[in-house]
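Engineer: I'd like to go over a predicted model; first the sequence, then the structure.
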Amino acid sequence: MADEQKSGGQVSRAQLIELLNEDLAREYQAIIAYVVYSQAIKGAEYMAIAKELEKHAGEELEHALTVSKLIDYLGGEPTVTTKPVKTSEKAEDMLRFDLDNENETVRNYRERVRQCEALGEFAMAEHLREILKQEQEHQIDLATALGENVPDVSKMKTQNPKGEGQGEGRSSNIH
Ligand SMILES: [Fe+2]
Ligand SMILES: [Fe+2]
């Protein structure tokens, strides 16, 4: 499956269920990271972004519900497993982990929209586009807080399927 998936080519419905479950696991990861980081981030200069992260947490929960609904619609079973969440004491690290994850998320949802359309699942693609819009806003919020431009994710390398190996930082599973 990996080859077809990477080239953005046609996938079967069974493969789409599997890929949406990866997206769902990524949404769980985002919920956990935003819940924890929004409270753990310290420093007067980060108070505005901390509020923003709290808002993101709620939006990621909405995404998780939508993606679960799509998986169920396809006859699949929504996963109960999250991708690992990194931890750090440093505010800048937290923002960096979030931005890395959002980049990966945007890259995946763009691919998922194309895959849904290739299967004639236009309404599903529409739901994913709505999510994608918010993920891109999250990217902008984080890049702005880090004083950077939003990276061009179409040129980024794919992560391994478990969502691991995105640079340094301790990894811990918070279940
Ligand atoms: Fe999300
Ligand atoms: Fe997001």
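Structural biologist: Structure received. Numbers count the residues shown, from 1 in each chain. Ligands and ions are numbered 1, 2, ... in the order given.
Engineer: give me the number of residues near residue 51?
Structural biologist: Residues lying near residue 51 (other CB atoms under 10 Å) number 11. C-beta here means a position set from N, CA and C on the backbone, and glycine is covered the same way.
Engineer: Same question for the one 3 residues further on.
Structural biologist: Counted by other CB under 10 Å, the residues lying close to residue 54 total 14.
Engineer: and this structure, which of its residues are near ligand 1?
Structural biologist: For the chain, the residues in contact with ligand 1 (CB under 5 Å from the ion) are 27, 60, 63.
Engineer: so the first one touches residue 62, yeah?
Structural biologist: It stands for residue 27. No. Residue 27 is not in contact with residue 62 according to CB atoms under 8 Å; the separation is 9.2 Å.
Engineer: ok, these two, which is more surrounded?
Structural biologist: Comparing residue 27 with residue 62 by other CB under 10 Å, the one with more neighbours is residue 27, at 25 against 14.
Engineer: ok and the residue in this protein nearest ligand 1?
Structural biologist: residue 63 (3.4 Å; CB to the ion).
Engineer: list the buried ones in the one helix or strand that residue maps to?
Structural biologist: Assigned by DSSP states H and E, residue 63 belongs to helix 47-73. Neighbour-count burial for helix 47-73, counted by 16 or more other CB atoms under 10 Å, picks out 49-50, 52-53, 56-57, 59-61, 63-64, 66-68, 70-71.
Engineer: which one among the residues you listed gets closest to residue 108?
Structural biologist: residue 67 (10.9 Å; CB to CB).
Engineer: Go ahead and confirm that closest one touches residue 20.
Structural biologist: Yes. Contact criterion CB under 8 Å: residue 67 and residue 20 qualify, at 5.7 Å.
Engineer: residue farthest from the centroid of this structure?
Structural biologist: residue 44 (27.3 Å; CA atoms, centre = their mean).
Engineer: Just list the residues touching the residue of the chain closest to ligand 1, thanks.
Structural biologist: 27, 30, 131, 134, 135 (CB atoms under 8 Å, 6 or more residues apart in numbering).
Engineer: hmm, try it at 10 Å
Structural biologist: 23-24, 26-27, 30-31, 105, 109, 127-128, 130-132, 134-135 (CB atoms under 10 Å, 6 or more residues apart in numbering).
Engineer: Was I right to think residue 24 contacts residue 82?
Structural biologist: Yes. With contact defined as CB atoms under 10 Å, residue 24 reaches residue 82; the gap is 9.0 Å.
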